[in-house]
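Participant: coords below, sequence missing:
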């Protein structure tokens, strides 16, 4: 290659990364274990999409041993060592789906191996130990437990998912069936995956026996797994490519944070940050580790502020990677029913407020403070996030932003209190029944006040997506809803009197 | 070129496709007919966007004869032969716009040729015969007929598009004007394009005469064309590039399936599949035919499940291309007013239910079964789609998904029935009038029950976009709406008594 | 480089632009002023995101003198000359943030320079004089003034942003606090940025003094700046990359035009144009100036129709660049409360209608015509936009589109009038109070009629995104809302009588 012009080589070297694929990456190769080789022999034709997707993954190209050789900040693996049998092969089918076979109730004999269906955070912890243990402290890993083991929320779930029937002029609600719950709340919060016997199926390789799973399919973030662990890494790290560029894009978070109850995504999407992400992400380096502020991306996605390991152009750490997202969050702006300091423990089912209810505040906003982080911890978390903000903004700017957000927390809580006072009157005066505070029309208006409109206003403020917090789903609706609740309360009271006193016709 | 270094050549060959443009593609060339050459001579400056867009199209680069030479599965043309005058020229302006001149009522003398404005599926059938004939069996090609020739829907259209005036304490509704209808329902369903005389206009080439078209512009999928055919290929295959990568992206479907009535897109968008599409589509091969599962794309867009020809990495067919989308769909989850097995005929205007209404079910969910596919056909269609699903999912997984969807169909139908029973009481008790069941406030609540909330819940279930089916537009709203309808009914009854019995003031 | 194969060079030249980055661009270099060099010395580590973002900008690579050498149509700079001290250096930190130091009340001593925080359109005008002066005539630069200096809108703002408290069965509204206003309406409309003293902060470089700013952060399009100017270029030209490809993508406009009040983006997004943009923008040339119709892009984004300099493939001008967007718009389809011809002056706070209210129409749609453009001006503006449309559509097509839009303006105005007549009855009969026409429940329904539903219908019509204008947020809701308002009015009247005449219990 002696005739090769140097300048041209330079151009090529320069072109390569621009073209969106690394020559280096293509060169990486990892040997497949014979077990995984066996898997692929059949599954490449049975489930071609899975195999092809995995082939695009880093798992197929880099062995754990190679991964461990990288400088600390560039590593995508946090265990300091990896079991010998896994270290020098690609992370293939068998590596994950036969790991810790005895721990998984869904393990079954398949070919001559013991395979399980549901790969759990406890499996992933083999190489990603730090992330797994952070995630155990993440509210999200408790997403199922905190919902399923809360008496009040149980009532809410029934109100949402139960089938309503009409009896004369009254409705009754059935207990929601498990399939509906799995298709609704627990799609994101996570189902309980249980093994319910075995079934024999005809396959391309003849008759085979498989476990029957209840609560399946599901990749909810707080899933109860057959091995007793909680959560699902594939909630965000979508299988089987587990591409970091997917987890880093806001569409991943939007899977569960788009609806009006926790509208982080729509608030982000309409913000300047959302605009820049949508407009420029094609030019960004979404796979680099660590992730360099300004160089690799020019506006924050959800992951930038809440999860990722960030460095500046000198390689200095701006923020450490965390899989306990609340690490960078002083306030929990998801109102239950008011916004409040983050709970100390990710297990919020242990919270009992002054009224004996499993809520971080009472209906009139008295905080169950012993369960919530204190001012010092709030300041610490705010400072962690502050460090991300000042990568692109002055302190004056960032402080101004926080001042507005905390003002929004205060005023939206006040608007929730006003709506709650109307609901309290309805309960006191007997035109609605508090035993289930979520099932009558006026109660549903009340729920929307805090769950939709106050939340939307706060998320819009937090993400600087004001357009979402005014007329789309925010302040306008908080105000309108209060007036409508009041009109409703008045009407219910007068109609009751009228029903009692007017002569009955028809 | 003897000094050309081999290794460098290899790199270039490798770089080319990554860079997103094929050298091969650029090499393709197709001669222009003299007729099309004439068109372009003027139109390149009059309508530069059209000409430039067409130049990017495959039509401009490949002749039908070249297209026919490809191996069967790679062909984008389904006719086994093409008329000789078309075979060896690019598919240019004249090829489509002068075809079958005598059949088109909108044909006019233009220069020295007979040109028509509205290119129809019958024109496209010349090369794309199979797609055209499948499309004739597609509900979509009947989108206008099924709406326009249904007495009940006529009432609905009037309720939506008519102008309401106030007379004292009553409203009246005018018949909707054709421009409003074309700007509303028939934008997607298709207008009737009629020739209404001629007009002379000053052009760059002097005075010229053009047909006056009513119902124009429109590219609705069930359009009535001046040649008597139904439909518009450009509804999905946007002119004049007709890019397959557009039709394959979900944004095309979203043009008509985004609103709360048929919310396929928002349900998809919030799903894992939608996330992967948004996050990774820049890395996918959106133009390859056939489309290889896993290799060309790593998650399904709408087209993957419902339309496209799919193969696995060995080139084995996973699913045949279809332009009759219901081929892969047992259930019609669009509730009218209940979800039901797909109609046998794409012409649903022929359906008459037990109550003599042109609906697939009665208001209380008795199916007009003779017009709907039977269990065997449902099973067959489900299996066709199943084959797509198992490319990436186990049978256990897919069966679990179907179980949930069919449960959602059942429970949402029940919730619609409950709402309907309230409406029926309102009609029976005379506080609403059934002659137009869509125009009073309580009736509109009822419509939203099935058209918005039940549909949204089902689409969310079908697409695994649960977030859309809980608080965004789904189960929460079904439950809330029932309570609000009931409160409304009670209020209407008491208010009527009060209006009759209270002394009148003011 | 004599051994360099010509053919290979050709391929490389051809590859380069496809790879999405210009070799030429990379070659450009601009010297940094010593002042900016000083800035970067510290700020590269304090705010790495800002510096890295700026480095990607054209400002960092091209000096004004180089920019001025380009042929007229290719220039991104409109001043005919640039002050000598700026001409031959990159447009760096100091160039903008120390410019016109004496005019900026937020100027402070920083190091040995006088730096100001808020760069204003008056600063940008140094090089972009034409854009700045057009923008001064743009309604948008008056976005704050027109809202803040309108008595009626003040009432609306209070109704949206004030905190509501409950007193027995009544609510009161507090005056909205400035942080809420800045987090809500004025986020887009612009705050008033005021200097409120100084603060000393510990920095990496020791103690430093900074101005305290009220109304900060903000990049609202009509912001009142500390130098007395109005507006913020970074509202659309996001700092510090100021990338033209961002301003040209619809996500920029969506920051303020996504909500139901001015839903230009969602209406566009669901249109054919929106589909093509989402599907194909990765293949477009979003940075070319001038912008060639069909060649650089194959469907219009917001900027194409409303802002950008467009040429055809021959380089002939299709539309001149404008930063006064109404240049191409005859109608103002944002109903206040009715759609109307555009105001003559961008300062709409001067408008007084027949009823003495600062609105372009009365509540019953009598226009304050002396403040609105006349038919001739409307025709002129329509023709300007027409020229953009016919790049891709026939005159018959475009005329048909306008006919529909103007019909939609007419019918939506009628639907607003009907709703208004119900509100007028409520006011006349005393069941609602007109002094604040926005704060009671029935009034809020009325506001939604024109602000949400009529606007949505018109934007859907204008953008041909019909799906948004039927069931999503349009005609269905206009009709439903009228019926609900009427039911509400009736109920309020009867309930009042009942409240007066029924014996009181409880």
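Facilitator: Great, that's in hand. A quick note: this is a predicted structure, and the numbers were derived from the prediction, not measured.
Participant: Would you quantify the distance from residue A:443 to chain B?
Facilitator: When distance is defined by Cβ to the nearest Cβ, to the nearest Å, residue A:443 is 8 Å away from chain B. Heads up, the C-betas are built off the backbone N, CA and C, glycines and all.
Participant: To clarify, my last question referred to residue A:115.
Facilitator: As judged by Cβ to the nearest Cβ, residue A:115 and chain B stand 11 Å apart.
Participant: Next one: that residue from chain C, what distance?
Facilitator: Computed as Cβ to the nearest Cβ, the residue A:115 to chain C distance reads 40 Å.
Participant: With residue A:88 instead?
Facilitator: In this view, residue A:88 and chain C are 36 Å apart by Cβ to the nearest Cβ.
Participant: where does that residue fall, phi/psi-wise?
Facilitator: phi -110, psi 20 (degrees, to the nearest 10).
Participant: List the contacts of it.
Facilitator: When contacts are counted by Cβ atoms under 8 Å, 6 or more residues apart in numbering or on different chains, residue A:88 is found next to A:31, A:63, A:64, A:65.
Participant: pretty sure the first one is touching residue A:90, no?
Facilitator: Yes: using Cβ atoms under 8 Å, residue A:31 is in contact with residue A:90, at 6.6 Å.
Participant: Give me the common contacts of the two.
Facilitator: Jointly contacting residue A:31 and residue A:90 under the rule Cβ under 8 Å, 6+ apart are residue A:63.
Participant: Show me which of those two is the more surrounded one.
Facilitator: A direct count of neighbours by other Cβ atoms under 10 Å in any protein chain shown for residue A:31 and residue A:90 places residue A:90 higher, at 25 against 12.
Participant: In contact with the more buried one, which residues?
Facilitator: A:30, A:31, A:32, A:33, A:36, A:59, A:60, A:61, A:62, A:63.
Participant: Ok, residue A:38 next?
Facilitator: By Cβ under 8 Å, 6+ apart, the residues touching residue A:38 are A:94, A:111, A:113.
Participant: out of the contacts of residue A:88, which is most surrounded?
Facilitator: residue A:64 (23 neighbours).
Participant: residues in contact with it?
Facilitator: So residue A:64 contacts A:77, A:79, A:82, A:86, A:87, A:88, A:91, A:127 (Cβ under 8 Å, 6+ apart).
Participant: Do I have it right that the third one meets residue A:129?
Facilitator: So the one you mean is residue A:82. No: the pair residue A:82 / residue A:129 is not scored as a contact, 9.7 Å apart, by Cβ under 8 Å.
Participant: Give me the neighbour count for residue A:501.
Facilitator: When counting by other Cβ under 10 Å, one arrives at 14 neighbours for residue A:501.
Participant: related to what we said a few turns ago, need the contacts of residue A:88 in a markdown table with pLDDT and secondary structure, can you?
Facilitator: Below are the contacts of residue A:88 laid out as a markdown table (pLDDT from 0 to 100; DSSP: H, G, I helix; E, B strand; the rest coil):
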| residue | pLDDT | secondary structure |
| --- | --- | --- |
| A:31 | 96 | coil |
| A:63 | 97 | coil |
| A:64 | 98 | helix |
| A:65 | 97 | helix |
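Participant: wait, which of the residues you listed is closest to chain B?
Facilitator: Using Cβ to the nearest Cβ, residue A:31 comes nearest to chain B of the contacts of residue A:88, at 20.6 Å.
Participant: Buried only: go through the contacts of residue A:64 for me.
Facilitator: Taking 16 or more other Cβ atoms under 10 Å in any protein chain shown as the criterion, what is buried in the contacts of residue A:64 is A:77, A:79, A:82, A:86, A:91, A:127.
Participant: How far does the helix or strand encompassing the fourth one sit from its chain's centre?
Facilitator: Yep, that's residue A:86 we're talking about. Using DSSP states H and E, residue A:86 sits in helix A:84-87. Remark: helix A:84-87 is offset 31 Å from the chain centroid, using Cα atoms, centre = their mean, to the nearest Å.
Participant: Could you tell me which other helices and strands the helix or strand just after that helix packs against?
Facilitator: Toward the C-terminal end, the helix or strand that comes next after helix A:84-87 (DSSP H and E) is helix A:93-97. Contacts defined by 3 or more Cβ pairs under 8 Å, 6 or more residues apart in numbering or on different chains; DSSP states H and E place helix A:93-97 against helix A:34-46, strand A:113-115.
Participant: Quick one: distance of helix A:93-97 to the chain centre.
Facilitator: The chain centre lies 25 Å from the centre of helix A:93-97; the measure is Cα atoms, centre = their mean.
Participant: which outside residues touch that helix?
Facilitator: A:33, A:35-36, A:38-40, A:43, A:54, A:86, A:89, A:113, A:115-117, A:119, A:123-124.
Participant: rerun at 10 Å
Facilitator: With contact meaning Cβ atoms under 10 Å, 6 or more residues apart in numbering or on different chains, helix A:93-97 is reached by A:32-40, A:43, A:50-51, A:54, A:59, A:64, A:83, A:85-86, A:89, A:104, A:107, A:110, A:113-120, A:123-124, A:126-127, A:239-240.
Participant: What count of nearby residues applies to residue A:109?
Facilitator: 10.
Participant: Over to residue A:130?
Facilitator: Residue A:130 is flanked by 15 other residues according to other Cβ under 10 Å.
Participant: ok so, going back, buried only: go through the contacts of helix A:93-97 for me.
Facilitator: Neighbour-count burial (16+ other Cβ under 10 Å) applied to these gives A:32-33, A:35-36, A:38-40, A:43, A:50-51, A:54, A:59, A:64, A:86, A:89, A:104, A:107, A:110, A:115-120, A:123-124, A:126-127, A:239-240.
Participant: Measure how the helix ranked longest in chain A sits relative to helix C:34-46, angle-wise.
Facilitator: The helix spanning the most residues in chain A, taking DSSP state H as the definition, is helix A:395-428. For helix A:395-428 against helix C:34-46, the angle by axes from the mean of the first three to the mean of the last three Cα atoms, to 10 degrees is 50 degrees.
Participant: Give me the buried stretch members for helix A:395-428, please.
Facilitator: Going by neighbour count (16+ other Cβ under 10 Å), the buried part of helix A:395-428 is A:395-402, A:404-409, A:411-427.
Participant: How about stretch A:133-145?
Facilitator: Within stretch A:133-145, the residues that count as buried by 16+ other Cβ under 10 Å are A:134, A:135, A:136, A:137, A:138, A:139, A:140, A:141, A:142, A:143, A:144, A:145.
Participant: Same question for the second one, what's its three-state structure.
Facilitator: Taking DSSP: H, G, I helix; E, B strand; the rest coil as the rule, one finds residue A:135 in the helix state.
Participant: Please tell me I have it right and it contacts residue A:321.
Facilitator: No: using Cβ atoms under 10 Å, residue A:135 makes no contact with residue A:321, being 11.6 Å away.
Participant: What segments of the stretch 251-400 of chain A are helices?
Facilitator: Assignment of helices within the stretch 251-400 of chain A using DSSP state H, counting those that start in this stretch yields the ranges A:264-269, A:272-280, A:302-306, A:375-389, A:395-428.
Participant: and whichever residue of chain A sits closest to chain C, what is it in contact with?
Facilitator: Nearest to chain C, among the residues of chain A, is residue A:294, at 2.4 Å (Cβ to the nearest Cβ). Residue A:294 sits next to A:312-313, A:391-392, C:44, C:47-56, C:240-241 when contact means Cβ under 10 Å, 6+ apart.
Participant: Kindly recompute the last result at 7 Å.
Facilitator: By Cβ atoms under 7 Å, 6 or more residues apart in numbering or on different chains, the contact set of residue A:294 is A:313, C:48, C:49, C:51, C:52, C:53.
Participant: Name the helix or strand for the residue in chain A that chain B sits nearest to, please.
Facilitator: The minimum distance from chain A to chain B, using Cβ to the nearest Cβ, falls at residue A:52 (2.5 Å). Using DSSP H and E, the element containing residue A:52 is helix A:48-55.
Participant: who does that helix touch, helix- and strand-wise?
Facilitator: helix A:34-46 (3 or more Cβ pairs under 7 Å, 6 or more residues apart in numbering or on different chains; DSSP states H and E).
Participant: The helix it packs on vs helix A:48-55, what angle?
Facilitator: For helix A:34-46 against helix A:48-55, the angle by the same axes, to 10 degrees is 140 degrees.
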